[in-house]
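K.L.:
one predicted model, sequence on top.
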Amino acid sequence: MDIVFYIAIMLTAFLVLALLLAPVMLKPSPAARRIMELVQSNRPDQRYVGGKERLQEKILFMANRLRVGLGLAEDEKVKQLLLTGGVRTSRGMNIYFASRVLGPVIGLVCGSLIHTNTAFWALSLGAVFYLVPDMWLKIRIRKRRERIRKSLPDALDLLVICVEAGLGLDQAMLRVGQELNISHPDIHHEFMQVNLEQLAGKPRLEAWKSAAERTQIPEFSLFVSMLTQADRFGTPIVRALSRFGDEIRLKRRQRAEEMAAKAKIKILFPLVLFIFPCIFIVLLAPAVLNIARNMQSAK
């Protein structure tokens, strides 16, 4: 037990020493200093940065340096999952990677402070703190996919209206994305991202495929495939959108009916475990009390 405690103290001291020596060891080269002198501005900075923001930036900077020092590279699959979960900014990605690096360290330190079963608690808390970011990301991805799946029929109806009004497909997607900013922000971000990629020079089909890879929703992938086929074979886009919208609404209705059918079976467990015992107590308790009272009077 004491060995784990001493190891945790030594690890904490090493991290503190590494953070103190980081400015000296990571001092920029003369070439980097000359470049910084050229690009820096003499204008006064009018922005106000609070203490909370400064503390967050310092923690993220230290965690990033620690991750680079340990050789833990950023995984492209994890980045793709973060994009699927709606985490697009570099700050959000840095927070996620920092939590994965600092979480086990914090768990080990907290577990070492427990004097009974120190090794068990240190390893358990370290594993829990390591798995918490992944669990949070999976929950976020699942909720975002469900929101996009529910908002897709409304987006298709607006696309049909815009195309019938005379707008092109790209302009219609941009207009629909702007209109859905408040009601459906997730699909708004996807449509706006497709528009920005096209403005940056990315081909239309590749931008749509990138959106399907980010969302990873079967309905959205079918929507992209439909748009690709309509663009490639010259199919009237209004007719294709109308038929696809009807299919999506039919699938949503079937999914709701399936969930309603499953609810009949799922409700049996709370009925048996919680409701039926209460009903038995209410119905049988007076009879049991009367029988016990009669037996006592008979004696």
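P.N.:
Thanks, I have the structure now.

K.L.:
wait, residue 162 touches residue 177, no?
P.N.:
No - when contacts are counted by Cβ atoms under 8 Å, residue 162 is not listed as touching residue 177 (10.8 Å). Where you see a C-beta, it was placed from the backbone N, CA and C, and this is true even at glycine.

K.L.:
can you pull the domain assignment for the chain?
P.N.:
2-29+52-143, 144-264 (automatic domain parsing).

K.L.:
what is the burial count for residue 246?
P.N.:
Neighbours of residue 246 under the rule other Cβ atoms under 10 Å: 12.

K.L.:
what about it, helix or strand, and which?
P.N.:
helix 237-266 (DSSP states H and E).

K.L.:
packing partners for that helix?
P.N.:
If you count contacts as 3 or more Cβ pairs under 8 Å, 6 or more residues apart in numbering; DSSP states H and E, helix 237-266 packs onto helix 118-164, helix 218-233.

K.L.:
in it, what's buried?
P.N.:
237, 240-242, 244-245, 248 (16 or more other Cβ atoms under 10 Å).

K.L.:
just name the closest of these to residue 184, please.
P.N.:
residue 248 (14.0 Å; Cβ to Cβ).

K.L.:
so who does residue 223 touch?
P.N.:
152, 156, 212, 244, 248 (Cβ atoms under 8 Å, 6 or more residues apart in numbering).

K.L.:
and for residue 159?
P.N.:
Residue 159 is in contact with 169, 172-173, 176, 241, counting by Cβ under 8 Å, 6+ apart.

K.L.:
before we move on, back to that, among the domains of the chain, where is the model least confident on average?
P.N.:
Note on the domains of the chain: domain 2-29+52-143 shows the lowest mean pLDDT, a mean of 74.

K.L.:
pick the one among the buried residues of helix 237-266 closest to residue 113.
P.N.:
For these, the nearest to residue 113 is residue 248 (53.8 Å; Cβ to Cβ).

K.L.:
give me the distance between the closest one and residue 226.
P.N.:
As judged by Cβ to Cβ, to the nearest Å, residue 248 and residue 226 stand 10 Å apart.

K.L.:
sorry, back to before: immediately after the helix holding residue 246, which helix or strand?
P.N.:
helix 268-270.

K.L.:
who touches that next one?
P.N.:
Residues contacting helix 268-270 (Cβ under 8 Å, 6+ apart): none.

K.L.:
quick one: mean pLDDT over it.
P.N.:
82.

K.L.:
residues of stretch 101-119 that come out buried?
P.N.:
101-105, 107-109, 111-112, 114, 118.

K.L.:
next one: stretch 140-150
P.N.:
140-141, 144-145, 148-149.

K.L.:
show me what the strand or helix carrying residue 289 is packed against.
P.N.:
Per DSSP H and E, residue 289 falls inside helix 276-298. With contacts defined as 3+ Cβ pairs under 8 Å, 6+ apart, helix 276-298 has no helix or strand neighbours.

K.L.:
return the distance of it from the chain's centre.
P.N.:
Centre-to-centre, helix 276-298 and its host chain are 54 Å apart (Cα atoms, centre = their mean, to the nearest Å).

K.L.:
now stretch 284-299
P.N.:
Worked out by Cα atoms, centre = their mean, stretch 284-299 lies 60 Å from the chain centre.

K.L.:
just the mean pLDDT for that stretch, thanks.
P.N.:
Here stretch 284-299 scores 79 as its mean pLDDT.

K.L.:
now render the helices and strands packed on helix 237-266 as CSV, adding distance to residue 76.
P.N.:
Below are these laid out as CSV (distance: least, Cβ to Cβ, whole Å):
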stretch, distance to residue 76
helix 118-164, 15
helix 218-233, 20
